[in-house]
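J.: Output the structure for:
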Amino acid sequence: MKNTGFKKAIIYTRVSSEEQAKHDLSLPYQRDKCLEFAKNNGYIVLKEFEEPGRSGTTAFTRPALMEMYKFSIEQKIDAVIVHKTDRLARNMGDYWTLYNNWKLHGISIVSVAENFDNSPAGVFSMGVMSANAQYYSANLSLEVKKGHSAKIMKGIYPGFAPFGYENYGPEHDRRIRPITENIQPIKDAYNLFSTGDYSISRLTVEMQKREVKTKTGNSISRSIVGKMLRDPIYYGAFMWNNELHENAEHEAIITKELFDNVQFILNSRRVKGTRDHTHNFMLRGYVYCSCGVMLTGDKKTRTYKNGNTQDFIYFGCKNTNKNKPCSSTYIRMEDLEALILEMFKIFKFKDDYREYVIKTAKEIVGEVRESENDYKKQINQRISKIESKMRVAEDERLEQTITREDFSRIYIRLKEDLSVAQQDLLKLSDNHHKTIKVLDEVLALVENLYETYKTAPNDIKRTYLRMFIDKVLVDDKKIVEVKLTPIAQKLLEIEQVRISGEIRRGQDSNLRSYC
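T.: So this is what the prediction gives:
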């Protein structure tokens, strides 16, 4: 049989998962339809390319498609035959990149099911299908965000129920409620931890002894217990996008007072920075006039002859006692901060204490990594199950076994669940980086307190002040006395910190050798 007059073609088939083997998008089904089309329309199929179980974000991450593209150019084929255009790409940009590149080489895209030709009308129709697929995906994402906002406004937790709770209600209006058998174990866990006698690890062991199970029937893990103790959802609030929403309508399991007690214990067991948004007044509450009145910061604006203005911060005494008037003068914020910085030169941590801190930091990192790996596995399992359900819904819609309305409702709900799970992964990564940052600050602190304080942001500087300095007395733009915190005094008592200089009443701010 002569091949004269026949056109050369290749066939490309793709499914997103093995689940599609049950439906009309299965690889054998697509292949048979493409071969039948080629035979009836005068094409010789040089090669077949199939992509099983690939649903990459972009077309250009699929190995079979890339191999096919290279083959099509080298063999100078006439057409790429697909069952539907979305087998090539669902992203409009990817689709037109492939279309234009093949067009330059005289290669056409032939869709069997859609029956598009290469006329202007056919090309336009293919573009509409590609754009519509991309629009549909983007619109679903928008609807998910709208749904979240509407739920949050009503006080409805919009995500996947955490441990101890379950989702209920119609799919378009899902809510959460406590699981009866978990209510008492959660109350017991909070009450036990609030005594201060339990670590998270010990509490986990205790809950495992009581045979507390997760929704999947597994024994409760340390990561779940740790997350449970930090989650405000148990007192009737919830966090979403790093914002606390206390207008929640779901049933609380514990009181806010009990939750706050647990947070106090958790926070007291870890070194962490605190925020202070009044950065220009970082020293507020620490510096006092020699007369005993706290210095307060005032902003003063200087106007120059050219019309430009500049703000300056001054600290001054506001003593209003007429019987004991104070003659203290104002001191600029920059000068006062320089005095405080120099003061930190007096503290030096001993070598054995530095070694102890390093050892502790290593233990913390190891524990954090172990806990994160456990939690990450759970999240990835959730994601895998959700994505599997999404593929089933897609296939059922393509088979037209479910209505458009049902598909939209199911798909939006699944995308919500997927978004929540993906956000949990991001939060896990973010929390890890925050923990490492804190540990880095701690190590830097014991290595060189002066240099660490000097380069630290203001919120961390306030943390160091809280750790070491109770009060600084200033007179005539000089530090005349420093009162240490109980923490700093204790470190001196147990000889973990030594002082290389001292400031006594009557001395200026220059540091002298410690004898």
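
J.: where exactly do the helices run in the stretch 51-200 of the chain?
T.: Using DSSP state H, counting those that start in this stretch, the helices of the stretch 51-200 of the chain run over 63-74, 92-104, 120-153, 180-194, 200-209.

J.: hey, least reliable of these by pLDDT?
T.: Across these, helix 120-153 has the smallest mean pLDDT, namely a mean of 53.

J.: Could you check how far Arg391 is from Phe315?
T.: As judged by Cβ to Cβ, to the nearest Å, Arg391 and Phe315 stand 64 Å apart. For the C-beta atoms, the positions are set from N, CA and C on the backbone; glycine is no exception.

J.: now swap in Gly106 and tell me
T.: Gly106 is 79 Å from Phe315, by Cβ to Cβ.

J.: same thing with Lys385?
T.: Taken as Cβ to Cβ, the span from Lys385 to Phe315 is 59 Å.

J.: now swap in Ala248 and tell me
T.: From Ala248 to Phe315 the distance is 43 Å (Cβ to Cβ).

J.: Kindly report the same for Phe163.
T.: For Phe163 relative to Phe315 (Cβ to Cβ), the value is 50 Å.

J.: For Arg391 and Phe315, work out which one has more neighbours and name it.
T.: Neighbour totals were compared for Arg391 and Phe315, and Phe315 leads with 23 against 19 (other Cβ atoms under 10 Å).

J.: Phi and psi next, for that one.
T.: phi -110, psi 140 (degrees, to the nearest 10).

J.: now it, which residues is it bridged with?
T.: Listed by DSSP bridges, the beta-bridge partners for Phe315 are Gly297, Ile331.

J.: List the contacts of it.
T.: Shown in contact with Phe315 (Cβ atoms under 8 Å, 6 or more residues apart in numbering): 283, 287, 295-298, 330-333, 336, 474.

J.: go again using 10 Å as the cut-off
T.: 281, 283-284, 287, 289, 294-298, 328, 330-333, 335-337, 474 (Cβ atoms under 10 Å, 6 or more residues apart in numbering).

J.: Filter the residues you listed down to the buried ones, ChimeraX style.
T.: The ChimeraX selection below is limited to those of these classed as buried (16 or more other Cβ atoms under 10 Å):
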select :281,283,287,289,295,297,328,331,333,336,337,474
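
J.: measure Asn182 to Leu203 for me?
T.: Using Cβ to Cβ, which is the criterion applied here, Asn182 is 15 Å from Leu203.

J.: repeat for Phe160
T.: For Phe160 relative to Leu203 (Cβ to Cβ), the value is 24 Å.

J.: who's more crowded, those two?
T.: Leu203 (22 against 18).

J.: my read: the more buried one touches Phe193, true?
T.: Yes - counting by Cβ atoms under 10 Å, Leu203 does reach Phe193; the two are 5.6 Å apart.

J.: shared neighbours of these two, which are they?
T.: What both Leu203 and Phe193 touch, as defined by Cβ under 10 Å, 6+ apart, is the set 225, 228-229.

J.: Strands - which of those residues land there?
T.: With strands taken from DSSP state E, there is no overlap with these.

J.: nearest to Asp86, of the residues you listed?
T.: Met228 (42.8 Å; Cβ to Cβ).

J.: which non-adjacent residue is nearest that closest one?
T.: Phe163 (5.7 Å; Cβ to Cβ, 6 or more residues apart in numbering).

J.: Model confidence score at that neighbour, please.
T.: 93.

J.: Contacts only, for it.
T.: 179, 182, 185-186, 212-215, 220-221, 224-225, 227-228, 231, 233-234.

J.: how about a cut-off of 7 Å?
T.: Residues counted as contacts of Phe163 (Cβ atoms under 7 Å, 6 or more residues apart in numbering) are 214, 224, 228.

J.: I figured Phe349 hits Leu445, correct?
T.: No - the pair Phe349 / Leu445 is not scored as a contact, 8.0 Å apart, by Cβ atoms under 7 Å.

J.: Could you export stretch 183-193 as CSV, CA atoms only?
T.: Once non-C-alpha atoms are left out, stretch 183-193 reads as follows in CSV (Å, rounded to 0.1, in the frame of the first residue of the first chain):
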residue,chain,number,x,y,z
ILE,A,183,-14.6,16.3,74.7
GLN,A,184,-13.5,14.9,78.1
PRO,A,185,-10.0,13.8,77.0
ILE,A,186,-9.4,17.4,75.6
LYS,A,187,-10.6,18.9,78.9
ASP,A,188,-8.4,16.5,80.9
ALA,A,189,-5.4,17.3,78.7
TYR,A,190,-5.7,21.1,79.3
ASN,A,191,-6.3,20.6,83.0
LEU,A,192,-3.3,18.3,83.4
PHE,A,193,-1.0,20.6,81.4
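
J.: Touching, Lys256 and Pro232? I think so.
T.: No - when contacts are counted by Cβ under 7 Å, Lys256 is not listed as touching Pro232 (8.3 Å).

J.: The two: which has the busier surroundings?
T.: Set side by side, Lys256 and Pro232 show more neighbours around Pro232, with 18 against 14, by other Cβ under 10 Å.

J.: Quick check: chain neighbours aside, which residue is closest to Ser223?
T.: Sequence neighbours aside, Tyr375 is the residue nearest to Ser223 in space, at 4.1 Å (criterion: Cβ to Cβ, 6+ apart).

J.: what's the neighbour count on the one you found?
T.: Around Tyr375 there are 21 residues (other Cβ under 10 Å).

J.: Tell me the spacing between it and Met343.
T.: Tyr375 is 43 Å from Met343, by Cβ to Cβ.

J.: and if you look at Tyr12?
T.: The value you get for Tyr12 to Met343, if Cβ to Cβ is used, is 72 Å.

J.: and the nearest residue to Ala38 once chain neighbours are set aside, how far is that from Tyr157?
T.: In space, Ala38 comes closest to Val45 once its chain neighbours are excluded; the distance is 5.2 Å by Cβ to Cβ, 6+ apart. Distance, Val45 to Tyr157, by Cβ to Cβ: 54 Å.

J.: got it, and Asn306?
T.: Distance from Asn306 to Tyr157, by Cβ to Cβ: 57 Å.

J.: Who has more neighbours out of the two?
T.: A direct count of neighbours by other Cβ under 10 Å for Asn306 and Tyr157 places Tyr157 higher, at 24 against 5.

J.: thought that one was touching Ala252?
T.: No - look at Tyr157 against Ala252 with Cβ under 7 Å: they stay out of range, at 12.0 Å.

J.: Show the contacting residues for the closest residue to Val365 other than its chain neighbours.
T.: Distances taken as Cβ to Cβ, 6+ apart put Leu439 closest to Val365, at 6.7 Å, once the chain neighbours are dropped. Leu439 is in contact with 361, 364-365, counting by Cβ under 7 Å, 6+ apart.

J.: picking that back up, Phe349 and Leu445: which has the busier surroundings?
T.: A count of neighbours by other Cβ under 10 Å puts Leu445 above the other of Phe349 and Leu445, at 22 against 18.

J.: Please, which helix or strand holds that one?
T.: helix 404-447 (DSSP states H and E).

J.: What mean pLDDT does that helix get?
T.: pLDDT averaged over helix 404-447 gives 83.

J.: elements contacting whichever helix in the chain runs longest?
T.: In the chain, with assignment by DSSP state H, the single longest helix is helix 351-398. Other elements packing on helix 351-398 under the criterion 3 or more Cβ pairs under 7 Å, 6 or more residues apart in numbering; DSSP states H and E are helix 222-230, helix 404-447.
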